[in-house]
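Novice: dropping a prediction and its sequence here:
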Amino acid sequence: MSDRPKRILLKISGQSFCRPGETGIHMEEITSICDQIKRVVDQGGVQLAIVCGGGNILRGKEFAAVSASIKTPTAHYMGMLATVINGLALQDALENAGVQTRLQTAIQMEKVAEPFIRRRCIRHLEKGRVVILAAGTGSPFVTTDTAAALRAREIEADVLLKATKVDGIYSEDPEKNPHAVRYSEISYQDFLRQNLKVMDAQAIHHCMEHNIPIVVFNYKKLGNIERAAAGERVGTRVLPAAEITKA
Ligand code: UDP
């Protein structure tokens, strides 16, 4: 993995848009992420695209499971629309902080956002705009992790940064097993073999096929988004087996 990535795909889950343990949107949570993103942008030399999740509002699979009258694809489309709500909130919060942005969606809604057009997205990035990508892939049955991996591939990002509330990838859920081991690096293959849950398997497969490094880190630790964006060692890196350093 290159030391200092030039083009970054940052995945922010829906959880980051609300208070811990709650649902919905809380602007103070978004503002604190925006402050970190602004510092990344202000440092210069980096292009940043952001895929936002929607789990703070609705996850298709969970909603369909408890709603007899809702068809599963409908619930997934609702989940995708939730990511647009988050995208709009993130856009205004970033612009309010002085960061130039564009919002692009995988489901067309011309009143509020541009459609996702790969070349246009790249052009915005080259001009220094942060591009927020919402509505996932535009197709049901997958998550925004998969959307992030696919977009990372499409825009030729050097790295996929997954901002989470844990310090990285553990051998088991550290909240359930205090002896769980945190990895500083893990290969895609080992991640899949151990059936780890931090990121969905489809996303890992896409990154593995195209050698896109993934960094899973805790964005709640101040400065971590900047450190990850600068290529410093934070959280866990998921890499091709040949690049594991055993450091
Ligand atoms: N979703 C979808 N297709 C996509 C991306 C997302 O159908 O390409 C739906 C899916 O139902 C998902 C929901 O949108 O549960 C919200 O996304 P996700 O669960 O990935 O959000 P996060 O967990 O990152 O907050």
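Specialist: Yep, that arrived. Everything quoted here is computed from the prediction, not taken from an experiment. Numbering: from 1, shown residues only.
Novice: residue boundaries of the strands in this protein?
Specialist: For the chain, strands defined by DSSP state E occupy the ranges 7-12, 47-52, 101-105, 114-115, 130-134, 159-164, 169-170, 182-183, 185-187, 214-218, 236-239.
Novice: who does the second one touch, helix- and strand-wise?
Specialist: Which is strand 47-52. Where contact means 3 or more Cβ pairs under 8 Å, 6 or more residues apart in numbering; DSSP states H and E, strand 47-52 is packed against strand 7-12, helix 27-43, helix 72-96, helix 118-126, strand 130-134, helix 144-154. C-beta here means a position set from N, CA and C on the backbone, and glycine is covered the same way.
Novice: next: the last one.
Specialist: Packed against strand 236-239, as judged by 3+ Cβ pairs under 8 Å, 6+ apart, are the following elements: strand 185-187, helix 188-193, strand 214-218.
Novice: thinking again about what came up before, got the strands of the chain as TSV, with mean neighbour count, mean pLDDT and distance to Gln36 columns?
Specialist: Below are the strands of the chain laid out as TSV (neighbours: other Cβ atoms under 10 Å; pLDDT from 0 to 100; distance: least, Cβ to Cβ, whole Å):
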stretch	mean neighbour count	mean pLDDT	distance to Gln36
strand 7-12	25	98	10
strand 47-52	27	98	11
strand 101-105	22	98	15
strand 114-115	16	98	25
strand 130-134	27	99	12
strand 159-164	25	97	9
strand 169-170	24	96	21
strand 182-183	16	96	22
strand 185-187	20	98	24
strand 214-218	25	97	12
strand 236-239	25	98	19
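Novice: among those strands, which is nearest Ile25?
Specialist: Minimum separation from Ile25 across the strands of the chain (Cβ to Cβ) falls at strand 47-52, 11.1 Å.
Novice: start to end distance for stretch 46-60?
Specialist: With Cα to Cα, to the nearest Å applied, stretch 46-60 spans 33 Å between its terminal residues.
Novice: now do stretch 109-126
Specialist: Distance between the boundary residues of stretch 109-126 (Cα to Cα) amounts to 24 Å.
Novice: neighbouring contacts of stretch 178-189?
Specialist: 167-174, 196, 204-205, 207-208, 233, 236-241, 244-247 (Cβ atoms under 8 Å, 6 or more residues apart in numbering).
Novice: quick check on these: which are buried?
Specialist: If you count burial by 16 or more other Cβ atoms under 10 Å, the buried members of those come out as 167-170, 196, 204, 207-208, 236-239, 244.
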